[in-house]
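K.L.:
when you get a sec, could you give me coordinates for this:
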Amino acid sequence: MEPRQDEASVPAGLTALIQTQRIVMAALGEEAQFSCRLMQTRDVHHVTWQKFSSDGEKTFATDDKFFGQRVDPYFSGRVEFKDGGLQNTSIVIREVTEQDEGCYRCLFNTYPYVVLNGTTCLKLYELYGPVLRVRDSNSSEEAVVSCSATGRPAPTVTFMVTQQDFYVLHNSSVIVTNTNGTVTVTRTAVLSRLHDNSAQVECAVQVLSVPPKKVSVTIPEVEQTSSADGEKHVHSHRFLH
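P.N.:
From the prediction side, this is the model:
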């Protein structure tokens, strides 16, 4: 019987038979899912999941045609197979840590003894916030808003004003690198109103290409009332969403 070619190189035409994500991004402490799909029907006897490390490749999960699914005891409770079978293998790693970051490989052992493999790399990020605040201004015609977020890598912080009667008079950013490797970015903007209308300010924060997290604040219109002595007073109340 011809030996299995677990360590043999696979022609490029065969590696193209596997559909997988090249990069999977996950937040630290959450879960990451990897999947490999064979684009042609093959007689798969065994599927192996490995993680690359400085010491080589470590097998941590297998799915066998006869013996079923097994997970290394070290990963028990954190790694599990998802539905899919031997043609479409999928695993989930829960509560990912910095040690989980790196590259993973799925190997399909098929008859007649050809090994097909695909590689996916896990990239972790952190994102906390955003925190959006409105500060009092000396002028009723101005509003000062600040938005901050902490992440790894450094997050981007952007403002959006929905009312055209408001425009950005001034804006600035402060970037602080924390001792744990995260970065806090605080963006402050001074908004000037042309009229007494209200406006909604939205802050969006993002790291890498993951969907942004958003929060908004409403700056209400300026109300003018007259007192008994005929003087006009300006009232402006701010409400957070």
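
K.L.:
what residues of the biggest strand by length in the chain count as buried?
P.N.:
What stands out as the longest strand in the chain, according to DSSP state E, is strand 114-135. The neighbour-count check on strand 114-135 (16 or more other CB atoms under 10 Å) flags 114-120, 122, 124-130, 132, 134 as buried. Any C-beta I mention is one placed from the backbone N, CA and C, and that applies to glycine too.

K.L.:
same question, stretch 173-192
P.N.:
Quick answer for stretch 173-192 (16+ other CB under 10 Å): 182-191.

K.L.:
helices or strands next to the helix or strand that the longest strand of the chain is followed by in the packing?
P.N.:
Where DSSP states H and E defines the elements, the next helix or strand beyond strand 114-135 is strand 142-152. Strand 142-152 sits against strand 114-135, strand 156-161, strand 183-193, strand 199-206, strand 213-219, with contacts defined as 3 or more CB pairs under 8 Å, 6 or more residues apart in numbering; DSSP states H and E.

K.L.:
between strand 156-161 and strand 142-152, find me the angle.
P.N.:
Relative orientation of strand 142-152 versus strand 156-161 (axes from the mean of the first three to the mean of the last three CA atoms, to 10 degrees): 150 degrees.

K.L.:
return the distance of Thr158 relative to Thr89.
P.N.:
According to CB to CB, to the nearest Å, Thr158 stands 39 Å off from Thr89.

K.L.:
which of those two has more residues huddled nearby?
P.N.:
Thr89 (28 against 14; other CB atoms under 10 Å).

K.L.:
may I see the buried residues of the helix or strand that that one is a member of?
P.N.:
Assessed by DSSP H and E, Thr89 sits inside strand 88-93. By 16+ other CB under 10 Å, the buried positions in strand 88-93 come out as 89-91, 93.

K.L.:
how is this structure divided into domains?
P.N.:
12-125, 136-240 (automatic domain parsing).

K.L.:
worst mean pLDDT among the ones you listed?
P.N.:
Per-segment mean pLDDT for these reaches its minimum on domain 136-240, at a mean of 79.

K.L.:
of all the helices and strands packed on strand 142-152, which one is nearest Lys58?
P.N.:
strand 114-135 (14.3 Å; CB to CB).

K.L.:
relative to strand 88-93, how tilted is that closest one?
P.N.:
For strand 114-135 against strand 88-93, the angle by the same axes, to 10 degrees is 40 degrees.

K.L.:
tilt between strand 114-135 and strand 213-219?
P.N.:
Using the same axes, to 10 degrees: strand 114-135 against strand 213-219 is 20 degrees.
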